[in-house]
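Participant: Got a predicted model here, sequence first, then my questions.
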Amino acid sequence: MDATFFIAAGIAVLATLRVITSYNIMHALLYLVVSLLAVAVVIYVYGAPFMAVLEIIIYAGAIMVLIIFFVMMLNLGLETSEHEKAWLRPRIWIIPGILCLILLGEMLFLIIQNRQPAGNIQVVEPKAVGMALFGPYIIAVELTGILLMAGIVGAYHLGRQQKKISHRFLENFEL
Amino acid sequence: MNMHPTTAGLLLAGILFVLGLISVLIRRNIIFMLLSVEIMLNAAGLAFVVASSHWGTADGQVMFMFILAMAAAEVSVGLALILQLYHQLRTLDSDEANRMHG
């Protein structure tokens, strides 16, 4: 098994350990992004380049940014600029930055060298994934679409603020 | 190291899954519990990709895409639920929400 796999796996486990042991949610999110990038490199090593890109775009991009926006939204009442300064001291981001740089170097090494995967890993092309997705799995794709629709409706319904009673006769009526 | 690639990948997926499971059991902050569920889903997806490369078929990667879509839907609904909890209880401690009010 490659050294690239072991480096990426070590970074993933290390970053995940920092996620579950940290008390500040922003620092935990920073390390979780590093962990997801490391898992993306592992997926790339295992011959699934399209899945690695999807992992970076959807997990490390969309979902993590959603959670970060949410956490920032909850802290609206506090002095946000001081908080931001406290969140982004160099001591905090220097270790995730170094881990990201290691991952980037590894990724560049893998792409430039362009060799066959080690052992008996078989590369599955994105074309085969697409053929399977829209061939035998077409029902599952449609069900996933319905699931996403249900997620949107559920999030809208749950996240809505309670409406105030607008009728003037009901205003001083205790519920 | 002379380890079979499938063994190594499944070991990594298992380690990540157990870390997420431990975190969901020991943390009481509800946002951390949501993050731990994300870690566990990600580990399951990694196991699917490793299995896909072991058999040389695309089925595991298709399952990984479904896991991605499900994680996105789950995060949006989960964050909306946390928002409601925070508005009602003014805290993110999950132990505060152990009573039902009929």
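Facilitator: Looks like it arrived, so ask away.

Participant: Report the contact partners of the residue in chain B that chain A sits nearest to.
Facilitator: Taking Cβ to the nearest Cβ, chain A has its nearest neighbour within chain B at B:A73, 3.1 Å off. From N, CA and C alone the C-beta is placed, and that goes for glycine too. Counting by Cβ atoms under 8 Å, 6 or more residues apart in numbering or on different chains, B:A73 makes contact with A:L147, A:L148, A:A150, A:G151.

Participant: contacting residues for the closest residue to A:Y59 other than its chain neighbours?
Facilitator: Closest residue to A:Y59 apart from its sequence neighbours, by Cβ to Cβ, 6 or more residues apart in numbering or on different chains: A:L36 at 4.9 Å. By Cβ under 8 Å, 6+ apart, the contact list for A:L36 reads A:E55, A:I56, A:Y59, A:A60, A:M64, B:N42.

Participant: now the helix or strand in which A:M107 is found: how far from the chain's centre is it?
Facilitator: Applying DSSP states H and E as the criterion places A:M107 in helix A:90-113. Relative to its chain's centre, helix A:90-113 lies at 17 Å (Cα atoms, centre = their mean, to the nearest Å).

Participant: buried residues in the following helix or strand past that helix?
Facilitator: Of the helices and strands lying after helix A:90-113 in sequence (DSSP H and E), the nearest is helix A:126-133. Residues of helix A:126-133 classed as buried by neighbour count (16 or more other Cβ atoms under 10 Å in any protein chain shown): A:P126, A:A128, A:V129, A:A132, A:L133.

Participant: what's the neighbour count on the spatially closest residue to A:Y46 that is not a sequence neighbour?
Facilitator: Distance criterion Cβ to Cβ, 6+ apart; nearest residue to A:Y46, sequence neighbours excluded, is B:S53 at 4.4 Å. For B:S53, the neighbour count with other Cβ atoms under 10 Å in any protein chain shown is 25.

Participant: which SSE is the residue of chain A found nearest chain B in?
Facilitator: Residue nearest to chain B within chain A: A:G151 (3.1 Å; Cβ to the nearest Cβ). Per DSSP H and E: A:G151 is located in helix A:138-159.

Participant: contacts for that helix?
Facilitator: Contacts of helix A:138-159 (Cβ under 8 Å, 6+ apart): A:133-134, B:62, B:66, B:69-70, B:72-74, B:76-77, B:79-81, B:83-84.

Participant: can you do 7 Å?
Facilitator: A:L133, A:F134, B:F66, B:A69, B:M70, B:A73, B:S76, B:V77, B:A80, B:L81, B:L83, B:Q84 (Cβ atoms under 7 Å, 6 or more residues apart in numbering or on different chains).

Participant: Widest-spaced pair of those residues?
Facilitator: Between any two of the contacts of helix A:138-159, the greatest separation by Cβ to Cβ is 37.5 Å, found for A:F134 and B:Q84.

Participant: ranges for the helices of chain B?
Facilitator: According to DSSP state H, chain B carries its helices in the segments B:5-26, B:30-55, B:59-89.

Participant: quick one: the first one to chain centroid distance?
Facilitator: Meaning helix B:5-26. 11 Å.

Participant: Which elements pack onto it?
Facilitator: Packing partners of helix B:5-26 (3 or more Cβ pairs under 7 Å, 6 or more residues apart in numbering or on different chains; DSSP states H and E): helix A:3-21, helix B:30-55.

Participant: For that helix, buried residues please.
Facilitator: B:5-6, B:8-10, B:12-13, B:15-17, B:19-21, B:23-24.

Participant: of those residues, closest to A:I25?
Facilitator: For the buried residues of helix B:5-26, the nearest to A:I25 is B:S23 (12.8 Å; Cβ to Cβ).

Participant: What is the burial count for A:V123?
Facilitator: When neighbours are counted by other Cβ under 10 Å, A:V123 comes out with 13.

Participant: show me what contacts the spatially closest residue to it that is not a sequence neighbour?
Facilitator: Leaving aside its sequence neighbours, A:V123 sits nearest to A:G47 (Cβ to Cβ, 6+ apart; 3.7 Å). A:G47 makes contacts with A:P117, A:I121, A:Q122, A:V123, A:V124, B:S53, as judged by Cβ under 7 Å, 6+ apart.
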